[in-house]
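Undergrad: Quick check, what structure comes out for this input:
(one chain, ligands or ions: 1)
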Amino acid sequence: MSTDIAKFNAAQAALAYIKDGMVVGLGTGSTSAYFVRLLGDKVRQGLRVKGVPTSEATRNLAEQVGVPLIEISQVSAIDVDVDGADEVDPQFRLIKGGGGALLREKIVAAASKQMVVIADEGKWVETLGAFPLPVEVTRFGFALTSERIHEALAATGCEGAEVSLRVAGKANEPVITDGGNYIIDAHAKRIPDADALGAALKNIAGVVEHGLFLNLAHVVILGKAKGADVKTL
Ligand code: 5RP
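TA: Just a heads-up that it's a prediction; the model follows:
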């Protein structure tokens, strides 16, 4: 419950970054959902924005709460992207993709002039890696790709790392992303060199994208039980 209040407080503080006429990236997850609802309230009060959703779930929510949407193919840049995170370190490096939307989330973040990360303060970590790193992979050859991911983890100093195919439901069916791919969760435990791991993962055939967001975030808003801490690099 207190985590929900912290998420809400982070989302509310992010509204300060939204100006009339902006194109806004709309993140995915429970914290982003608070933001989308709050943005819907502002739209009803007269704010004019257009949202670029990072998942079908966020698209549905934005439509429900009345945030006008625009296709990413129709914009040359996004003014500000507001999205959650699973972990944030002091260099504003992120693990994202707990909700499985990392591919669209990264495309939108990379297309944005400013990325504002909203999270409860429990997401702040000294070193990334306790949260399993999501890696989106093609279904074709996923078992081999998974082995290569395991090797990349070992080669970049993630000792004792394990990998698992993300499954859900009673039948333990593989989770399928909005892009039609699988997710391999890389249980790194500790990622001593995020740049090296990110580069190694990108180099594996079959890896579509990984959840390390490096050099993308500009502002981190950490929600607390009361208010929020706004951090800039
Ligand atoms: C979804 C994400 C989310 O931003 C991340 O999982 C945080 O979620 P929540 O706000 O529910 O804690 O990356 O792919």
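
Undergrad: Just checking: what are the partner strands of the longest strand seen in the chain?
TA: The residue-count maximum for a strand in the chain (DSSP state E) belongs to strand 112-120. Applying DSSP bridges, strand 112-120 is found paired with strand 78-83 (parallel), strand 219-223 (parallel).

Undergrad: And stretch 48-66, how far out from the chain middle?
TA: Offset of stretch 48-66 from its chain centre (C-alpha atoms, centre = their mean, to the nearest Å): 16 Å.

Undergrad: Against the ligand, how distant is the spatially most central residue of the chain?
TA: Of all residues in the chain, the one closest to the mean position by C-alpha atoms, centre = their mean is Lys96, 3.9 Å from it. Noted for Lys96: a distance of 4 Å to the ligand, by C-beta to the nearest ligand atom, to the nearest Å. Where C-beta positions appear, they are placed from N, C-alpha and C, glycine not excepted.

Undergrad: so that residue touches Leu214, yeah?
TA: No. Applying C-beta atoms under 8 Å, one finds Lys96 not in contact with Leu214, separated by 10.9 Å.

Undergrad: Need the strands paired with strand 112-120 in CSV (columns: mean pLDDT and mean neighbour count).
TA: Converted to CSV, the strands paired with strand 112-120 look like this (pLDDT from 0 to 100; neighbours: other C-beta atoms under 10 Å):
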stretch, mean pLDDT, mean neighbour count
strand 78-83, 98, 25
strand 219-223, 98, 24
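
Undergrad: Redo those strands as TSV? Include distance to the ligand.
TA: Formatted as TSV, the strands paired with strand 112-120 follow (distance: least, C-beta to the nearest ligand atom, whole Å):
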stretch	distance to the ligand
strand 78-83	6
strand 219-223	10
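
Undergrad: For Gln64, find the nearest of these.
TA: Ranking the strands paired with strand 112-120 by distance to Gln64, with C-beta to C-beta as the measure, places strand 78-83 first at 17.7 Å.

Undergrad: List of residues touching the closest one?
TA: 11, 14, 17-19, 22-29, 32, 35, 52, 54, 72, 96, 105, 108-109, 111-118 (C-beta atoms under 8 Å, 6 or more residues apart in numbering).

Undergrad: mind listing what's buried in the longest strand of the chain?
TA: Within strand 112-120, the residues scored as buried using 16 or more other C-beta atoms under 10 Å are 112, 115-120.

Undergrad: From the contacts of strand 78-83, which land in helices?
TA: Residues of the contacts of strand 78-83 located in helices (DSSP state H): 11, 14, 32, 35, 105, 108-109.
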